[in-house]
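A.B. asks: predicted structure and sequence below. I'll ask about it afterward.
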Amino acid sequence: MKTTLLPPNKDPMGQAIADYFNRGKAAKLRVFSSQFDEDEIPVDQLFRSYDDMPALEQKALQLAKGKILDCGAGSGCHTLALQAMGKEVQAIDISPLSVEVMLKRGIKQAFQVNLFDEHYLEKFDTILMLMNGSGIIGKLENMPAYFAKMKQLLNPDGCIYMDSSDLRYLFEDEDGSFLIDLAGDYYGEIDFQMQYKQMKGDAFDWLYIDFQTLSHYASENGFTAELIAEGEHYDYLACLKIK
Ligand code: SAH
């Protein structure tokens, strides 16, 4: 489990966010993966307003209460929406350029912190992990470390709202048969690398997880998982609570 921060010269998404914030437009934010063809993240979507957010994200923001942590906050879109609702929220991100933009956008509490830093020890009533928030966990083998950290950060009655997608549709044949090697790695374990202009970041692990697998790991690690809502394309919002 990585506990480090990004240096400013290896922060392509942060650079894209900074460009978009400072100039109102950005170049292509390119995404590479050994498992997929090259793709692109539309930078304007990282600045989505409440009205432009998918229903699952709106639902999570409505349910968020008490002291809230927006984990991996990016440009701070969810934090800003929560602040506008009058809620108390702290944003963290490993990206130095994103944190700089969040502060410039008027976010009251934005810190460059890695969620898994052992020195990061505050208590929250709600923890938000949105836009495939399970990604930060990286790999299934990190689940015990993830839930141990959540136990430290979450108040006893608190709740983690996490969204993710079941990637099985990418591997399913038209007749419904499954093209996955069941003895291999879990099909939601993806490696990514991003590039913005000439700046390339290091490759990183990003976990997509289906609800059943998430429930299994939650239960093994002293948590319960509740399915709050399902989206239109194998995506869902879950609430994780300490048992
Ligand atoms: N939640 C935002 C951004 C999603 S992109 C949105 O919905 O628009 C994921 C973000 O998580 C990136 O900004 C990345 O820098 C951050 N991140 C990745 N690993 C992290 C970690 N271990 N701790 C904190 N932030 C992390």
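C.D. replies: On my side now, so go ahead.
A.B. asks: which residues are contacting the top strand by length along the chain?
C.D. replies: In the chain, with assignment by DSSP state E, the single longest strand is strand 154-165. With contact meaning CB atoms under 8 Å, 6 or more residues apart in numbering, strand 154-165 is reached by 56-57, 60, 63-64, 66, 123-135, 150, 188, 207-211, 214, 228, 231, 233-242. Glycine gets a C-beta too; all of them are placed from N, C-alpha and C.
A.B. asks: mark which of the residues you listed are buried, thanks.
C.D. replies: When the contacts of strand 154-165 are checked for burial by 16 or more other CB atoms under 10 Å, the buried set is 56-57, 60, 64, 124-135, 150, 188, 207-211, 214, 228, 234-242.
A.B. asks: kindly report the residues of this protein close to the ligand.
C.D. replies: Neighbours of the ligand within the chain, by CB under 6 Å from any ligand atom: 13, 46, 71-74, 77, 92-95, 98, 114-116, 130-131, 136.
A.B. asks: how about a cut-off of 5 Å?
C.D. replies: By CB under 5 Å from any ligand atom, the residues of the chain that approach the ligand are Leu46, Gly72, Gly74, Asp93, Ile94, Ser95, Asn114, Leu115, Leu130, Met131, Ile136.
A.B. asks: just to revisit the earlier point, quick check: buried residues in the longest strand of the chain?
C.D. replies: Counting neighbours by 16+ other CB under 10 Å, strand 154-165 gives Leu154, Gly158, Cys159, Ile160, Tyr161, Met162, Asp163, Ser164, Ser165 as buried.
A.B. asks: residues touching the closest residue in space to the fifth one that isn't next to it in sequence, list them.
C.D. replies: This means Tyr161. Distances taken as CB to CB, 6 or more residues apart in numbering place Ala60 nearest to Tyr161, at 4.0 Å, with adjacent residues excluded. Counting by CB under 8 Å, 6+ apart, Ala60 touches His78, Leu128, Leu130, Tyr161, Asp163, Ile228, Leu237.
A.B. asks: got JSON lines for those, with secondary structure and pLDDT too?
C.D. replies: Formatted as JSON lines, those follow (DSSP: H, G, I helix; E, B strand; the rest coil; pLDDT from 0 to 100):
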{"residue": "His78", "secondary structure": "helix", "pLDDT": "98"}
{"residue": "Leu128", "secondary structure": "strand", "pLDDT": "98"}
{"residue": "Leu130", "secondary structure": "coil", "pLDDT": "98"}
{"residue": "Tyr161", "secondary structure": "strand", "pLDDT": "98"}
{"residue": "Asp163", "secondary structure": "strand", "pLDDT": "98"}
{"residue": "Ile228", "secondary structure": "strand", "pLDDT": "98"}
{"residue": "Leu237", "secondary structure": "strand", "pLDDT": "98"}
